[in-house]
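*Asks:* Okay, structure incoming, though there's no sequence with it:
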């Protein structure tokens with residue numbers, strides 16, 4: 001948790017520095033580059049990490065497993081290079097700096113990706129945290145020294161930071177042993193990864209589809225305005241995700257096939273607590289939006305203020321949506337969760353295109369995002385209630401009672 005917070009804080013400093021030094025359209029171009037690479041990185045992680053972690057416990061297979069994962073990384077980077085090559089010859093106006101970056105970064109990021117996968121397999125989250133913080137620190141020092149003025153320079157710094165981490169992890173021998181004679185895990189890793197990567201990629205596209213559509217309709221400045229508000233609320237997600245991560249083991253242990261009501265009762269209590277604990281964060285985002293936007297991005301991003309207020313309401317509903325997804329996964333209904341993500345993605349893309357085609361701006365896109373989450377909650381809770389009775393309103397009441405009981409107990413002691 002501490003390492004995640006440290007990495008996010010240093011990453012926010014990099015974000016703030018670039019937001020204040022780059023023009024809004026160039027900054028938007030940089031954020032769009034990260035959106036596309038983030039999709040690839042999520043896809044790559046889905047292909048490899050779950051399978052790798054699952055089989056890492058067999059010590060006699062680790063060299064083969066590591067070699068297969070490394071080869072699959074090369075294959076995926078080759079596919080990415082091919083896609084970039086095809087895009088470059090199509091009659092579209094695409095920033096050449098993007099194409100260069102998208103062609104190179106999948107390859108140079110392999111060592112850091114492999115190191116982080118191995119950290120996850122060993123449950124060495126401190127080591128992973130150090131690596132992420134170091135990467136962000138290198139980025140921060142580099143942008144402060146170079147003072148980039150165009151997206152090409154920022155992308156080169158990003159590539160250089162990946163290479164620095166590659167050397168660091170290699171020097172510390174965190175990349176594992178690679179053999180060029182045995183890849184027996186390659187095919188099963190590929191087959192397994194086709195499904196996990198699809199779900200992760202769909203979730204990533206759901207989160208980033210607004211950025212793609214805004215770039216197509218309104219350009220880099222709109223992506224920058226939207227990105228500032230999105231980054232601020234994304235930082236607030238850290239606490240929500242940490243709380244959800246703490247709740248997950250308790251929910252998992254409570255599930256019994258014959259008695260799903262036990263899971264529902266515990267989930268109602270925990271979800272209610274999460275919503276009430278998220279409320280102060282939402283209120284800060286809503287009422288301190290002008291100050292937060294200025295603190296992170298400086299002058300010129302006043303248009304992000306209303307977006308951040310919309311996202312303040314959005315984050316309050318996130319625990320409800322996440323709880324529905326977790327229940328569906330724990331009750332062996334992952335396909336229902338995937339259907340929920342697919343429904344939300346379709347709703348978001350169609351409504352985004354519609355409101356922008358009608359001449360509305362990024363604030364309308366933010367409202368669509370809020371509506372998308374509400375649609376996901378309705379569908380998710382409908383599916384949850386087909387398993388066993390679950391009430392959002394009862395959850396809020398139970399959660400509030402738990403907080404008040406804790407407060408009274410603390411005062412008496």
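*Replies:* Yep, that arrived. Here the structure is a predicted model, which is why all the values come from computation and not from measurement. Numbering: from 1, shown residues only.
*Asks:* what about the strands in the stretch 51-200 of the chain?
*Replies:* Ranges of strands within the stretch 51-200 of the chain: none, based on DSSP state E, counting those that start in this stretch.
*Asks:* how about the residue lying closest to residue 142 once chain neighbours are set aside, what does it touch?
*Replies:* Nearest residue to residue 142 in three dimensions, chain neighbours excluded: residue 157, at 4.6 Å (Cβ to Cβ, 6 or more residues apart in numbering). In short, each C-beta sits where N, CA and C put it, glycine included. Residues near residue 157 by Cβ atoms under 8 Å, 6 or more residues apart in numbering: 139, 142, 143, 146, 148.
*Asks:* just residue 270 next, same as before
*Replies:* With Cβ under 8 Å, 6+ apart, residue 270 has these contacts: 247, 250, 251, 323, 399.
*Asks:* Got the confidence number for it?
*Replies:* If you check residue 270, the pLDDT there is 85.
*Asks:* That one in helix, strand or coil?
*Replies:* Look at residue 270: counting by DSSP: H, G, I helix; E, B strand; the rest coil, its state is helix.
*Asks:* For residue 320, see how far away it is.
*Replies:* From residue 270 across to residue 320, the span is 11 Å (Cβ to Cβ, to the nearest Å).
*Asks:* now swap in residue 45 and tell me
*Replies:* 26 Å.
*Asks:* Please name the residues that touch residue 383.
*Replies:* Contacts of residue 383 by Cβ under 8 Å, 6+ apart are 324, 328, 333, 336, 340.
*Asks:* So which of those are in helices?
*Replies:* Judged by DSSP state H, helices contain the following of the contacts of residue 383: 324, 328, 336, 340.
*Asks:* how about TSV for these, with distance to residue 84 and pLDDT added?
*Replies:* As requested, the ones in helices among the contacts of residue 383 are exported to TSV (distance: Cβ to Cβ, whole Å; pLDDT from 0 to 100):
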residue	distance to residue 84	pLDDT
324	37	87
328	36	83
336	35	84
340	32	88
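*Asks:* Run a quick neighbour tally on the residue lying closest to residue 138 once chain neighbours are set aside.
*Replies:* Distance criterion Cβ to Cβ, 6+ apart; nearest residue to residue 138, sequence neighbours excluded, is residue 161 at 4.5 Å. Neighbour count of residue 161, defined by other Cβ atoms under 10 Å: 24.
*Asks:* tell me the contacts of residue 161?
*Replies:* Contacts of residue 161 by Cβ under 8 Å, 6+ apart are 135, 138, 139, 142.
*Asks:* Buried ones in stretch 208-216, by neighbour count?
*Replies:* 208, 209, 210, 211, 212, 213, 214, 215 (16 or more other Cβ atoms under 10 Å).
*Asks:* Strands - which of those land there?
*Replies:* Among those, no member is found in strands (DSSP state E).
*Asks:* out of the contacts of residue 161, which one sits closest to residue 198?
*Replies:* Nearest to residue 198 among the contacts of residue 161, counting by Cβ to Cβ, is residue 135 at 27.4 Å.
*Asks:* Burial check on the closest one, number of neighbours?
*Replies:* Neighbour tally, residue 135, other Cβ under 10 Å: 21.
*Asks:* pretty sure it contacts residue 169?
*Replies:* No. Assessed by Cβ atoms under 8 Å, residue 135 is found out of contact with residue 169, at 10.3 Å.
*Asks:* Not counting its neighbours along the chain, what's nearest residue 64?
*Replies:* residue 182 (4.8 Å).
*Asks:* list the contacts for the one you found?
*Replies:* Taking Cβ under 8 Å, 6+ apart, one finds 63, 64, 67 in contact with residue 182.
*Asks:* if we go to 10 Å?
*Replies:* Applying Cβ atoms under 10 Å, 6 or more residues apart in numbering, we find residue 182 in contact with 61, 63, 64, 65, 67, 68.
*Asks:* Kindly write the ChimeraX command that selects the buried subset of those.
*Replies:* In ChimeraX, a selection of the buried entries from the contacts of residue 182 looks like this (16+ other Cβ under 10 Å):
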select :64,65,67,68
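*Asks:* can you redo the contacts of residue 182 as JSON lines with distance to residue 15?
*Replies:* As requested, the contacts of residue 182 are exported to JSON lines (distance: Cβ to Cβ, whole Å):
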{"residue": "61", "distance to residue 15": "40"}
{"residue": "63", "distance to residue 15": "39"}
{"residue": "64", "distance to residue 15": "40"}
{"residue": "65", "distance to residue 15": "35"}
{"residue": "67", "distance to residue 15": "36"}
{"residue": "68", "distance to residue 15": "35"}
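*Asks:* Identify, from the contacts of residue 182, the entry nearest to residue 122.
*Replies:* Of all the contacts of residue 182, residue 65 has the smallest distance to residue 122: 12.8 Å, by Cβ to Cβ.
*Asks:* Now the helix ranked longest in the chain: buried residues?
*Replies:* Secondary structure of the chain per DSSP H: the longest helix is helix 220-254. Neighbour counts over helix 220-254 (16+ other Cβ under 10 Å) mark 220-236, 239-240, 243-244, 247, 251, 254 as buried.
*Asks:* Let me know the pLDDT of residue 216.
*Replies:* For residue 216, the predicted pLDDT is 91.
*Asks:* Among the ones in helices among the contacts of residue 383, which one has the most neighbours?
*Replies:* residue 324 (27 neighbours).
*Asks:* per the record, what domains does the protein have?
*Replies:* 2-204, 219-412 (automatic domain parsing).
*Asks:* just for the stretch 251-400 of the chain, where's the confidence low?
*Replies:* Regions of the stretch 251-400 of the chain meeting the criterion pLDDT under 70 cover residues 252-258.
*Asks:* Where do the helices of it begin and end?
*Replies:* With DSSP state H, counting those that start in this stretch as the criterion, the stretch 251-400 of the chain has helices at 260-287, 289-297, 304-330, 334-357, 362-387, 392-412.
*Asks:* Go through the ones you listed and name the closest to residue 102.
*Replies:* helix 334-357 (21.8 Å).
*Asks:* any idea what sits nearest the spatially most central residue of the chain, other than its immediate chain neighbours?
*Replies:* Ranked by distance to the mean C-alpha position of the chain (Cα atoms, centre = their mean), the top residue is residue 204 at 6.6 Å. Closest residue to residue 204 in three dimensions, ignoring its sequence neighbours and counting by Cβ to Cβ, 6+ apart: residue 42, at 4.2 Å.
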